[in-house]
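> below is the structure, and that's it, no one-letter string:
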């Protein structure tokens, strides 16, 4: 049996916690609307502080898990590009097109 990687476990767990924070936020706001209760505001948000902290911590762990499971970045430099090509293939490319060669014939007055 192949077990998922640590990054995949972290992504699934933090996604579950993030969805739980979203459900808790919905539950608190819908219960407050149903009962006519005004929820005190923290950080200009009408949610309890523990839901805000839960969502932020889950989001941080989600970003860590996604970046941990991502493939390594490729080197983007001229030397790394030329390692797979030869100078002959680069020299044989067309240069900038010269568009002035027909201008005197086409646009004479």
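Good, I have the coordinates. Given the structure is predicted, the values throughout are model-derived calculations rather than measurements. Residues are numbered from 1 along each chain as shown.
> tell me where the model's unsure across this protein.
In the predicted model, the chain carries pLDDT under 70 at residues 1, 39-44, 89-109.
> which helix in it runs the most residues?
Of all segments of type helix in the chain, defined using DSSP state H, the longest is helix 6-35.
> give the next helix or strand downstream of that one.
Later in the chain than helix 6-35, the nearest helix or strand by DSSP states H and E is helix 49-69.
> contact partners of that next one?
Helix 49-69 is touched from outside by 5-8, 10-11, 13-15, 17-18, 20-22, 24-25, 28, 42-43, 45, with contacts defined as Cβ atoms under 8 Å, 6 or more residues apart in numbering. (Each C-beta comes from the backbone N, C-alpha and C, glycine too.)
> same thing but 10 Å
Helix 49-69 is contacted by residues 5-29, 40, 42-43, 45, 47-48 when judged by Cβ atoms under 10 Å, 6 or more residues apart in numbering.
> buried subset of those?
Applying 16 or more other Cβ atoms under 10 Å to the contacts of helix 49-69, the neighbour count classes 10-11, 14, 17-18, 21, 24-25, 28, 47 as buried.
> name the nearest of these relative to residue 70.
Within the set of the buried ones among the contacts of helix 49-69, residue 11 lies nearest residue 70; the separation is 10.9 Å, counting by Cβ to Cβ.
> next up, the contacts around that closest one.
For residue 11, the contacting residues are 4-5, 61-66, 68-69, taking Cβ under 10 Å, 6+ apart as the criterion.
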